[in-house]
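>>> A predicted structure for the sequence below; I have some questions about it.
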Amino acid sequence: MSEKGKLYLYEALELRSEYDSRMKTLRDCLPETRQNRDRLSFTRDDDGRRRPSLDFDMADARKDLRKLEFKRRKLNAAVQETNYNQRMDFSGESINLNEALEIRKGLNERIGELHTQVVRSAYQRVIYKEGRDIVEENEVTYSDSVKNLGDARLAFRELNRKIRKASFEAVVDFEDE
């Protein structure tokens, strides 16, 4: 982005992921994290002894980790502010990006539920009782289940595209390194 101190939302999200990755690398190099990992995984080095490499300074690593944690917190706060301020239209109403993300999460869960409903409604339950079959009808017909699932998938796709588009338009007040 050309404007100093600003990022598009998609750039800010990429930077946040990079910060997460860099923080994980630093944490994994620290002895306290290594000891915890060894204790949980039951894997040991051949001789069980390790010492820091000559060019690895634990104090510098901890300092760098704290700086990254601070930057990530600031970046995350700026992303959240943008999410609350960026608006879009969905289903005839104006919502902020944060609401859109919550709706998308709910739609994704709903799609899972509707998938299960479609699978269940594909077959009727037949109970054999006293020489005859009793057929239990499904609460929702197969064709209605398929339609509901299709509608939910279309709504998810529409919303996801709008969220993605917003991430290329919304600006986050944060300076990249």
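In hand now; what should we look at? Numbers count the residues shown, from 1 in each chain.

>>> ranges for the strands of the protein?
Remark: strands assigned in the chain by DSSP state E are 7-8, 87-90, 93-96, 125-129, 132-136, 171-172.

>>> most packed of these?
strand 171-172 (a mean of 23; mean count of other C-beta atoms under 10 Å). Bear in mind the C-beta positions are built from the backbone N, C-alpha and C, glycine included.

>>> low pLDDT regions in the protein?
Counting by pLDDT under 70, the ranges of the chain that qualify are 1-2, 34-49.

>>> Which stretches in it count as helices?
9-29, 31-41, 58-85, 97-121, 142-169 (DSSP state H).

>>> Would you reformat the ones you listed as CSV and include distance to R132 and mean neighbour count?
Shown next, in CSV, are those (distance: least, C-beta to C-beta, whole Å; neighbours: other C-beta atoms under 10 Å):
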stretch, distance to R132, mean neighbour count
helix 9-29, 60, 16
helix 31-41, 58, 11
helix 58-85, 59, 15
helix 97-121, 23, 15
helix 142-169, 24, 15
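
>>> out of those, nearest to R50?
Smallest distance to R50 across the helices of the chain (C-beta to C-beta): 7.7 Å, for helix 31-41.

>>> So which residue is smack in the middle of the chain?
K105 (9.2 Å; C-alpha atoms, centre = their mean).

>>> Sweet, I'm off.
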